[in-house]
Structures are given as C-alpha cells and as structure tokens.
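Peer 1: Starting from these lines, generate the structure:
(one chain, ligands or ions: 1)
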Amino acid sequence: MTNTIVVTDRLTKRYGDRLAVSDVSLTVRSGEVYGFLGPNGAGKTTTLRMLLGLVRPTSGTATILGHAPGETGATSRIGALVEGPGFYPYLSGRDNLRVMARYQGVSDRAADEALARVDLADRGGDAFKSYSLGMKQRLGVASALLGEPDLLVLDEPTNGLDPAGMADMRKLVVDLAKQGQTVLLSSHLLAEVQEICDRVGVIAHGRLLAESTVAELRGASTLLVRAHPVDLALSVSMRVAGDDAVQLIDDGVRLELPEERAPELARALVEAGADIHEIRPSERSLEDVFFEMTADHSDHSDPEENR
Ligand SMILES: Nc1ncnc2c1ncn2[C@@H]1O[C@H](COP(=O)(O)OP(=O)(O)OP(=O)(O)O)[C@@H](O)[C@H]1O
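Peer 2: Sure thing, here's the model as predicted:
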C-alpha cells in the first residue's frame, strides 16, 4: 500500500530578510527511506523542524500522518533525532533509554528492544560517556525509536562519524527500512545517501530542485570510450548511438548507450580501424547530478533575491 506519510505544500520559512525555506513541496511515502539532500545552509534542518512543529512556517502547509505538525496525533507517532538528545554521561546507555522511556510512558522492555535494534545491547551496560561518537549517535536513534514511531526523522545522522561509523549508520537505516520503518533523513553527503535511499529530495538555497528516485535522478546510463584517433571514435560512436547521444569529453567520448550495447560499439570501432584503450560504463553519481543542478541555479542562488 502506498500511503503518504508526509506531504508539504509550498512550505516556506523566512527569518527576517532571509528566506531559509522557499515553496518546498515534498512527499514521503510509507515504508521508504527518503533522503533530504543539500549542502550546509540549504534549509534541511529548518524544513525538518517545521515538520516536527518546532518552527512555525511563514507560509505553506505540511501534513504528517494526517495531522498538522505539532498536533499530538502527529508527534506521538514520530521519532526524531534532530538535535542530539541530552543523555546523562554517567548513566549506562540502557539506563539512559529507560529514563527516556519512562518520560514517554513506554516500558523498560521497549527501551531494551530499541537498544537491540541499534545493535547496542552488548554495550548497553556501559556508561554513555565511554561510547564512541557512532555509538552515541546510534543510542540517539534508539531514543527516537522508543514508542515504535511510524516515521523516523534523522537530521544528518552521519555527521561527524568516521567511515566505519557512517557504514554502521547506513546499515542501521537499511535494517530499519527492511523492518518496514519509514525514514526521512537529511544529509549533505550525497555519495553515501544514494546507496540507502529509495527517493530523494534535493534542496539548495531553500528550494527543492528535484524529487525522484536515485536512479531517475542519475538518468540514463552512459558508456565512456577512450579510443584513437578520437575523431574516428566520435564518428563511429555517433553512428552507433545517434548524434544526440554522443558527447566529446576531456579523455574520450561519452555515449548515452546501455551497457549491453558495448560489444556492438567495440566491434564497430575495431572495424573502422580505431585503437580501443578503454570502454566502460560511466554512471553519474548523485554528486555529479547535484553539482549540475546547483550550477544551473547559481544565477539566482542568493536566497536574498527571492524576497
Ligand atoms: N533561527 C534562525 N534564525 C535566522 N536564520 C536561520 C535560523 N535557522 C536557520 N537560519 C538560516 O536559514 C538557512 C537554512 O538553515 P538550515 O539550518 O535549515 O540549513 P541546513 O540545510 O540544515 O544546513 P546545515 O546542514 O548546515 O544544518 C541558513 O541560511 C541559516 O542561517
């Protein structure tokens, strides 16, 4: 069933003259991992805070689980890690969670289950202050999971983590998603998010530039050919792929051509007498796409101009 969990309609937040979020309309569906992507200062945290009812929009609306942000019907079903929760340094991870669980009217058992879900059960008895940053972050996710929320909101969950900590966090999100958890996470690290998100919304300068699956955003797969002479490689490529699907780049020729047609291209090049040095699939990373998109918007990149 494709249920919509979050819908925003032209959500906007202005701080004085500064337009932090401008006309953002996004949709998060049930069971998906939605990546809210953009560089620092793009408006991600402000948007998430509006969804959680922590900041009042200047204009536009948001509906979460059928409720307005901040309504009990919504907040009771959202688990959020937006600002790091305050944990007691000398209490163990488990006791910290149990304290939080009691505040929320949730059982100790639920706290222990949340600890297990973030793979901290083994270290649950150790003092919070002895945890690595990655473990602290995972405990934060456990606290957001208390009460089994329908929507988990994580603001930059990998911030400050080393590569191993990031990999752990990615695995945790993937595992939660496999259990059916809907996750909305923000990140400025596009390369790592493309692996774990079903769909992404790309935001820059407060505006949503695109919303789609990672695959759609990255577009058609391309082949990179390095062969000599280059002009011969270019004309053969155009014959095989069509004039519009071929582009001359620094180190060769890029073709919009499915990988399965690489042998056909290789044969045509060899028959024409070209020396092939390399033919390989070259997928655009989300990062490439993102830079292209934000470059397109650089002419009006100053949020002040949106006034
Ligand atoms: N309380 C506030 N008062 C004034 N300006 C604010 C406030 N909160 C955010 N802003 C501004 O709004 C813009 C968007 O900030 P926001 O924190 O939402 O971005 P972000 O994408 O989450 O970035 P980061 O990854 O750095 O947190 C920034 O220009 C920021 O300076």
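Peer 1: And the residue nearest the centre of the chain, how far from the ligand?
Peer 2: Central residue of the chain (C-alpha atoms, centre = their mean): Gly35, 2.5 Å from the mean position. With distances taken as C-beta to the nearest ligand atom, to the nearest Å, Gly35 is found 13 Å from the ligand. C-beta: built from backbone N, CA, C; applies to glycine.
Peer 1: Quick check: that residue vs Gly242, distance?
Peer 2: 33 Å (C-beta to C-beta, to the nearest Å).
Peer 1: ok, for Ala144, nearest residue in space, not its chain neighbours?
Peer 2: Gly79 (3.6 Å; C-beta to C-beta, 6 or more residues apart in numbering).
Peer 1: how many neighbours does that neighbour have?
Peer 2: For Gly79, the count of nearby residues is 23 (other C-beta atoms under 10 Å).
Peer 1: I'd like to know if the helix or strand hosting it reaches the ligand anywhere along the stretch.
Peer 2: Assigned by DSSP states H and E, Gly79 belongs to strand 78-81. No - counting by C-beta under 6 Å from any ligand atom, the ligand has no neighbours in strand 78-81; the shortest distance is 13.6 Å.
Peer 1: Quick check: buried residues in the next helix or strand along the chain from that strand?
Peer 2: Using DSSP H and E, the helix or strand that follows strand 78-81 in sequence is helix 93-103. By 16 or more other C-beta atoms under 10 Å, the buried positions in helix 93-103 come out as Gly93, Arg94, Asp95, Asn96, Leu97, Arg98, Met100, Ala101.
Peer 1: ok, so of those residues, who is nearest the ligand?
Peer 2: The nearest member of these to the ligand, counting by C-beta to the nearest ligand atom, is Met100 at 24.1 Å.
Peer 1: Let's verify the closest residue in space to the closest one that isn't next to it in sequence: helix, strand, or coil?
Peer 2: Residue nearest to Met100 in three dimensions, not counting chain neighbours: Ser143, with 5.3 Å by C-beta to C-beta, 6+ apart. Taking DSSP: H, G, I helix; E, B strand; the rest coil as the rule, one finds Ser143 in the helix state.
Peer 1: pretty sure Ser143 is touching Leu97, no?
Peer 2: Yes - here Ser143 reaches Leu97: they are 6.2 Å apart, a contact under C-beta atoms under 8 Å.
Peer 1: who touches both of these two?
Peer 2: Ala114 (C-beta atoms under 8 Å, 6 or more residues apart in numbering).
Peer 1: residues from the stretch 151-300 of the chain in reach of the ligand?
Peer 2: His188.
Peer 1: ok, the residue in the stretch 151-300 of the chain that the ligand sits nearest to - contacts?
Peer 2: Proximity of the stretch 151-300 of the chain to the ligand (C-beta to the nearest ligand atom) peaks at His188, 5.5 Å away. His188 is in contact with Leu37, Gly38, Pro39, Asn40, Ala42, Lys44, Glu156, counting by C-beta under 8 Å, 6+ apart.
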